[in-house]
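A.B. asks: Quick check, what structure comes out for this input:
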Amino acid sequence: MQTEYGRRRVKNLKTYGTIAASLTLLAIFCSPDTISHASLPPEARSLITKTITKNPSRPIVAVTSAYYRPVKGQRKYVTGSYLGDIRLNGTGVTSSGKRAEIGHLSADLRYNPVGTKFRVVIDGKNFGQWTVEDKGGGIKGPHRFDFFVGENDTGRIAAQSWGRRGDHKIEMYRVGKNG
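C.D. replies: Below is the predicted model of the structure:
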């Protein structure tokens, strides 16, 4: 027969184990240097997916980058050429067939399908609603997003200044029917 102390101790150990596992998964998915989530065991992937879909009001602390639409005749290109920037950023037409515009996101479509909407908060300031309309070659995992920030030199400057936003807190809240 187990004493009250023994039952509490077992419960605390289970709680600490859950917390440790959650922190480990958080560290894996919030680090920009991680390898693809595909290297995780299926049970870890399903735990992350369930956590995201079960708790839509909880923010996703995202790892983000930005992209833009290059235009011929810009003053400067990220790669040094128009064609190089097209290879890097795409033509400006999303995988959903729409012309990319501010308010569009690229995401891993296995976790955030086209049409998924997010309210974006950066450093406590609301940046409105953004919609997943595209997939990116390097966008892997449920917490990784690429923001479309404009076109020509203005878009290039915004994308280059974005970086990985390691110095900013970006929270994304699912909204709408997919949330």
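A.B. asks: Going by contacts, tell me the helices and strands next to the strand ranked longest in the chain.
C.D. replies: Within the chain, and with DSSP state E defining each element, the longest strand by residue count is strand 125-134. In terms of contact count using 3 or more Cβ pairs under 8 Å, 6 or more residues apart in numbering; DSSP states H and E, strand 125-134 is assigned the packing partners strand 104-107, strand 117-122, strand 144-151. For the C-beta atoms, the positions are set from N, CA and C on the backbone; glycine is no exception.
A.B. asks: Of all the ones you listed, which one is nearest Ser81?
C.D. replies: Distances from Ser81 to each of the helices and strands packed on strand 125-134 were compared by Cβ to Cβ, and the smallest falls on strand 144-151, at 16.5 Å.
A.B. asks: still on that earlier bit, between the helices and strands packed on strand 125-134, which one is closest to Lys135.
C.D. replies: When those are ranked by distance to Lys135, counting by Cβ to Cβ, first place goes to strand 104-107 at 5.9 Å.
A.B. asks: Report all helices and strands that the closest one contacts.
C.D. replies: Where contact means 3+ Cβ pairs under 8 Å, 6+ apart, strand 104-107 is packed against strand 125-134, strand 144-151.
A.B. asks: ranges for the helices of this protein?
C.D. replies: Taking DSSP state H as the criterion, the chain contains helices spanning 4-30, 42-54, 82-89, 152-162.
A.B. asks: Out of the helices and strands packed on strand 104-107, the one nearest Ala62 is which?
C.D. replies: Minimum separation from Ala62 across these (Cβ to Cβ) falls at strand 144-151, 5.3 Å.
A.B. asks: That closest one pairs with which strands, and in what direction?
C.D. replies: Based on DSSP bridges, the strands next to strand 144-151 in the sheet, each with its direction, are strand 63-69 (parallel), strand 104-107 (antiparallel).
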